[in-house]
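Engineer: Output the structure for:
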Amino acid sequence: MRARLSTTFQSLTVRNYRLFASGQLVKLIGVWMMYIAQDWLVLELSNDSATALGIVTALQFIPVMVLTLYAGKLADRFDKRKLLIFSNGAWAGLAIVQAVLVATGSIELWMIMIFALLLGVAQAIETPVRQSFVSELVGKTLLPNALSLSAATFQTARITGPALAGVAIAGLGTGPVFLIATVLAVAPVFAQIRMDPLALHRGRPTPKQDAKIVDGLRYVRQRHDLLLPMVTIAVIAMFGYNFQLTLALLAKTVFNTDAATFGLFNTALAVGALGGALAGTWRRSRPSVYLFLWAAIGFGVLAVMVGLADSVWLALLLLVPTGFSTVFLGQAANQRIQLGVEGAYRGRVMALYVLIFMGTAPVGSMVISWIAETFGAQASIWLGGAVSLAAAVAALVWQLRHSGEKLSFEIRPIPKVRVVESVVERDKVLVT
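Structural biologist: From the prediction side, this is the model:
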């Protein structure tokens, strides 16, 4: 057990990474508290309108569609640490202004929409830079572990933040929750200032004239092993990863519960997600394409089941494995891409990954909110799961045809599905 724990948290032996992870943890707790309070406030100001909530969610991610690829270009050309200090500082400043308006009772729905857009701009710059910065903190050897620990940090905040927000909203109201969130938001700025630049694992910077966005797009287009997870994740993120929107509607409009139950839904999802993140910390090499595809299929099946749940407790029970599969899938995609890309292209490739992972949210949130308004919140969840499952199966077929491999089914002695290679005669276990 001691050896296992040492392996799980190995990246924390690096001082710069400890500062990075601790700063992110504190900030993300505040971010999740703010998002939960914001969603609840939007529903209160809009008379439980799923469309209004969908618009606010979309506005948070529209800047990702517009600015993320440019941010990846910046990440390959300039000092990532300084870019993070600037973007995190801008996010914190905007959050402080919004919190003051909420606490004084001056906030209106249109103001929330404007802040969602502006905060999205800061996030669009910060996210791809942060994703590509992890490799500079620990180097390539510890990169799989560091990526998984970063996901675990995110999920720990996702567990703590919604739980605290649900209790705080019920006891104190939305204003104090926003104020607490702004205090926590400045943590990564101080952490990044304290880092030692000389200890970073920096490669040779890409010349400004060579850091072109289109070159990054061509690079991915020519790499099937990068293209397949990106296309698959694009569909799943658009239609399946909408729990920020759908869980609020599920709690308030289907089960007729309060903010505390909404917080429990998010916490159940995050508990499973934390397990999925920690499961990836044991990985020391690039995950196989079939591990990624298995995770995608599993997510689709579980999302459909959540959408069909007919009670609060059944939904809570199913959200735990759904959360596990959500992050396990995301980490498999992230690690497969990061460990397969050349350092000179990492910023632009990860910017493209962030674009398809988060930039599809505006389209997805509007489609899912329309489905929720028309057919109900449950339909929006299980239909999203069905589309995700179809995309995962289509990706599996695409991979098999590209590689010339085929599936082999065995019933005895243990049910198995194997991928049989046609060129090299060896089997890879896909599902046992």
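Engineer: Am I right that L407 falls within a helix?
Structural biologist: No - read with DSSP: H, G, I helix; E, B strand; the rest coil, L407 is strand and lies in no helix.
Engineer: count of neighbours near it?
Structural biologist: L407: 13 surrounding residues under other C-beta atoms under 10 Å. No exception for glycine: its C-beta is placed from N, CA and C like everyone else's.
Engineer: That one pairs with what?
Structural biologist: In this structure, L407 bridges to V419 when assessed by DSSP bridges.
Engineer: so it touches L400, yeah?
Structural biologist: Yes - counting by C-beta atoms under 8 Å, L407 sits close enough to L400 to count as a contact (7.0 Å).
Engineer: got a pLDDT number for V424?
Structural biologist: Listed pLDDT for V424 reads 45.
Engineer: Sorry, slip of the keys, the one I care about is I85.
Structural biologist: For I85, the pLDDT comes out at 92.
Engineer: for it, what are its contacts?
Structural biologist: With contact set as C-beta atoms under 8 Å, 6 or more residues apart in numbering, I85 has these partners: 189, 192-193.
Engineer: Just put these in a markdown table and tack on distance to A157.
Structural biologist: Output for these, formatted as a markdown table (distance: C-beta to C-beta, whole Å):
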| residue | distance to A157 |
| --- | --- |
| V189 | 17 |
| Q192 | 17 |
| I193 | 21 |
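Engineer: for these, which one is nearest P321?
Structural biologist: Ranked by distance to P321 (C-beta to C-beta), the contacts of I85 are led by Q192 at 35.1 Å.
Engineer: and that closest one, how many residues sit next to it?
Structural biologist: Residues lying near Q192 (other C-beta under 10 Å) number 24.
Engineer: cool, and F299?
Structural biologist: 28.
Engineer: can you tell me the helix or strand for it?
Structural biologist: Following DSSP states H and E, one finds F299 within helix 289-308.
Engineer: what sits up against that helix?
Structural biologist: Outside helix 289-308, the residues touching it (C-beta under 8 Å, 6+ apart) are 225, 228-229, 232, 236, 240, 315, 318-319, 321-322, 325-326, 328-329, 332-333, 336, 378-386, 388-393, 395-396, 399, 419, 428, 430-431.
Engineer: List only buried entries from those.
Structural biologist: Buried members of the contacts of helix 289-308, scored by 16 or more other C-beta atoms under 10 Å, are 228-229, 232, 236, 240, 315, 318-319, 321-322, 325-326, 328-329, 332-333, 336, 378-386, 388-389, 391-392, 395-396, 399, 419, 430.
Engineer: Looking at these, which are in helices?
Structural biologist: 228-229, 232, 236, 315, 318-319, 321-322, 325-326, 328-329, 332-333, 336, 378-386, 388-389, 391-392, 395-396, 399 (DSSP state H).
Engineer: buried residues in stretch 166-180?
Structural biologist: In stretch 166-180, counting by 16+ other C-beta under 10 Å, buried: 166, 168-169, 174-180.
Engineer: Which one of these is nearest to A279?
Structural biologist: Nearest to A279 among the buried residues of stretch 166-180 is G166, at 26.6 Å by C-beta to C-beta.
Engineer: where's the closest one, which helix or strand?
Structural biologist: Going by DSSP H and E, G166 is in helix 143-172.
Engineer: pLDDT averaged over that helix, what's the number?
Structural biologist: 77.
Engineer: With stretch 363-375 instead?
Structural biologist: Over the span of stretch 363-375, the pLDDT mean works out to 81.
Engineer: try stretch 236-252
Structural biologist: 82.
Engineer: Kindly check the end-to-end length of it for me.
Structural biologist: 25 Å (C-alpha to C-alpha, to the nearest Å).
Engineer: just use 49 as the starting number from now, easier for me
Structural biologist: Sounds good: first residue 49 from here, last item stretch 284-300.
Engineer: Which positions within that stretch qualify as buried?
Structural biologist: Buried residues in stretch 284-300, counted by 16+ other C-beta under 10 Å: 284-300.
Engineer: go on, stretch 83-101?
Structural biologist: For stretch 83-101, by 16+ other C-beta under 10 Å, it's 83-91, 94, 98, 100-101.
Engineer: Looks like D87 contacts L101 (just checking).
Structural biologist: Yes - shown here, D87 and L101 form a contact pair, counting by C-beta under 8 Å, at 6.3 Å.
Engineer: Name the residues contacting each of the two.
Structural biologist: Joint contacts of D87 and L101 (C-beta under 8 Å, 6+ apart) are 293, 296.
Engineer: roughly how far out does the helix holding F347 sit from the chain middle?
Structural biologist: Relative to the centre of its chain, helix 337-356 is centred 16 Å away, using C-alpha atoms, centre = their mean, to the nearest Å.
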